[in-house]
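A.B. asks: only geometry, no sequence info:
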């Protein structure tokens, strides 16, 4: 992962973990979705976002999120380098193979430092 993209990803993850620790699970999940979009082309970062989504689901006692994140973690580790649905926020209430619009603030960083520029 390019250092600029890594820094953006870590910023979102740091905020997500802080919100999780503060008990604001809704905001934590929102930040995790943003981190997911940035890190989904890298297996470890992708799986890490899903792991934290699973943790949020567990604290919420959200059965759908818990059961939806387990296969997503495995898929992230196995398939992130092959193909990902760009812009997908990664939550269990979103189809796992559906691409979605990338948030405006991430478009340039992903275009410049995303998977296509790492060759």
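C.D. replies: It's in. What you see is a predicted model; the values in this text were computed from it and never measured. Numbering: from 1, shown residues only.
A.B. asks: From the contact counts, what lies against the lengthiest helix in the chain?
C.D. replies: For the chain, the helix with the greatest residue count under DSSP state H is helix 3-22. When contacts are defined as 3 or more Cβ pairs under 8 Å, 6 or more residues apart in numbering; DSSP states H and E, helix 3-22 sits against helix 25-39, helix 43-60, helix 104-113. Heads up, the C-betas are built off the backbone N, CA and C, glycines and all.
A.B. asks: pLDDT of the first one, averaged?
C.D. replies: Averaging the model's pLDDT scores along helix 25-39 yields 97.
A.B. asks: Make 341 the starting number, not 1.
C.D. replies: I'll keep to 341 as the first residue from here, and by that count the last item is helix 365-379.
A.B. asks: Pull out the buried residues from it.
C.D. replies: 365, 368-379 (16 or more other Cβ atoms under 10 Å).
A.B. asks: on that earlier part again, as a markdown table, the helices and strands packed on helix 343-362 with distance to residue 438 would be great.
C.D. replies: Formatted as a markdown table, the helices and strands packed on helix 343-362 follow (distance: least, Cβ to Cβ, whole Å):
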| stretch | distance to residue 438 |
| --- | --- |
| helix 365-379 | 13 |
| helix 383-400 | 16 |
| helix 444-453 | 17 |
